[in-house]
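J.: give me the fold of what follows.
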Amino acid sequence: MNFLNQSMLAGIVSVFTVLSATAQVKTTAMNSHELSVLNQLASPAVVVNMPVSQLLNAPGNEALRTFFFTPVPNPTALKDKKIAVLAADGFEEIELLGPVWYFKQLGAKVDIVAPKYNPAPERYGLMFPEMSKTHIMAIQYLQPVGWIKFDRTADQIKVSDYDAVFIPGGAWNPDNLRYDKDVIKFIQDFNQSGKLIAAICHAPVVLASADILKGRKLTGYWNIQVDLKNAGGTVLEQPVVTDGNLITSRHPIDVADFSRAVESWLLKQ
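T.: Sure thing, here's the model as predicted:
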């Protein structure tokens, strides 16, 4: 599916989601007072999003577009490497699928690893689709756009399984990851091993929760940089920062530089 069709499909899905939610309200028996209150507790379903086609065609992102549309020179460069992608609901689509596409183009084996399915108590009012047991939800900035199937859960993996771990951003995704004890323990053990940990955009806050940033140089999305400093890190305003076994980036516009930095680190091992 091309980028344009993907964006159109995301919009159609959003429309059907709104219509479904509206239908659900209409079919619920409520009096006029309850309906009045409900209408004041809801807002129009119009959101800011970031379609991949828009990102790649935006002025100033010519190098990013070239990165994705230029065939890799060596499709076996990472053929002996195994990479785990730690992600949960709310991951930024291009920050996961972009690097994963690139690493696979280079021959790497990539596993999508999610927290073990653990729905919130019913009283929280959350509705989880059945596919939440096997898939995680992608977003484009603020808009949910689709689902991808994960390969393993965080309680099933061990350090010896992988050569590198990479965490995509998306404001919701890191917030979900940093609360999962299996994810945090795995990151701490992986850091102890000296193997590569890479994180982009909001994802470095997961590393802050794992308490592995003291004395480290790194970067991250602008809104979380104060959190990284509070966790003991030295924040640099650069597209990519490499400090020992840690690689970090700031934003989807840095995906190409981030992916190449991971490639370069792994090729040196």
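
J.: what is the least confident helix or strand in the protein?
T.: Within the chain, no helix or strand scores below helix 3-26, which has a mean of 44 by mean pLDDT, DSSP states H and E.

J.: mind saving the C-alpha coords of the helix or strand where residue 205 lies as CSV?
T.: Counting by DSSP states H and E, the element that carries residue 205 is helix 204-209. C-alpha atoms of helix 204-209 as CSV (Å, rounded to 0.1, in the frame of the first residue of the first chain):
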residue,chain,number,x,y,z
PRO,A,204,14.4,8.1,26.4
VAL,A,205,12.0,8.6,29.3
VAL,A,206,11.8,4.8,29.5
LEU,A,207,15.6,4.8,30.1
ALA,A,208,15.1,7.4,32.8
SER,A,209,12.6,5.1,34.5
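
J.: chain center to the helix or strand that that helix is followed by, what's the gap?
T.: Going down the chain from helix 204-209, the next helix or strand is strand 217-218, by DSSP H and E. Offset of strand 217-218 from its chain centre (C-alpha atoms, centre = their mean, to the nearest Å): 20 Å.

J.: state the distance from the closest residue to residue 49 other than its chain neighbours to residue 125.
T.: Of all residues not flanking residue 49 in the chain, residue 143 sits nearest, at 3.8 Å (C-beta to C-beta, 6 or more residues apart in numbering). Where C-beta positions appear, they are placed from N, C-alpha and C, glycine not excepted. To residue 125, residue 143 is 21 Å away according to C-beta to C-beta, to the nearest Å.

J.: the more surrounded of those two?
T.: Comparing residue 143 with residue 125 by other C-beta atoms under 10 Å, the one with more neighbours is residue 143, at 19 against 7.

J.: my guess is that one meets residue 51, correct?
T.: No - applying C-beta atoms under 8 Å, one finds residue 143 not in contact with residue 51, separated by 9.1 Å.

J.: where along this protein do the strands fall?
T.: Ranges of strands within the chain are 82-86, 91-92, 109-114, 135-140, 143-149, 152-153, 164-167, 196-200, 217-218, 234-235, 240-243, 246-249, based on DSSP state E.

J.: let me have the ones you listed in CSV, extended by distance to residue 98.
T.: Shown next, in CSV, are these (distance: least, C-beta to C-beta, whole Å):
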stretch, distance to residue 98
strand 82-86, 11
strand 91-92, 9
strand 109-114, 12
strand 135-140, 12
strand 143-149, 13
strand 152-153, 21
strand 164-167, 11
strand 196-200, 9
strand 217-218, 20
strand 234-235, 23
strand 240-243, 14
strand 246-249, 11
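
J.: looking at these, spot the one closest to residue 56.
T.: strand 135-140 (12.5 Å; C-beta to C-beta).

J.: what angle sits between the closest one and strand 109-114?
T.: 90 degrees (axes from the mean of the first three to the mean of the last three C-alpha atoms, to 10 degrees).

J.: contact partners for residue 209?
T.: The contact partners of residue 209, taken as C-beta atoms under 8 Å, 6 or more residues apart in numbering, are 178, 184.

J.: distance check, it against residue 181.
T.: Residue 209 is 10 Å from residue 181, by C-beta to C-beta.

J.: do the same with residue 99
T.: 26 Å.

J.: which of the two has more neighbours?
T.: residue 99 (25 against 11).

J.: ok, and the closest non-adjacent residue to that one?
T.: residue 259 (4.6 Å).

J.: how far away is the one you found from residue 166?
T.: 9 Å.
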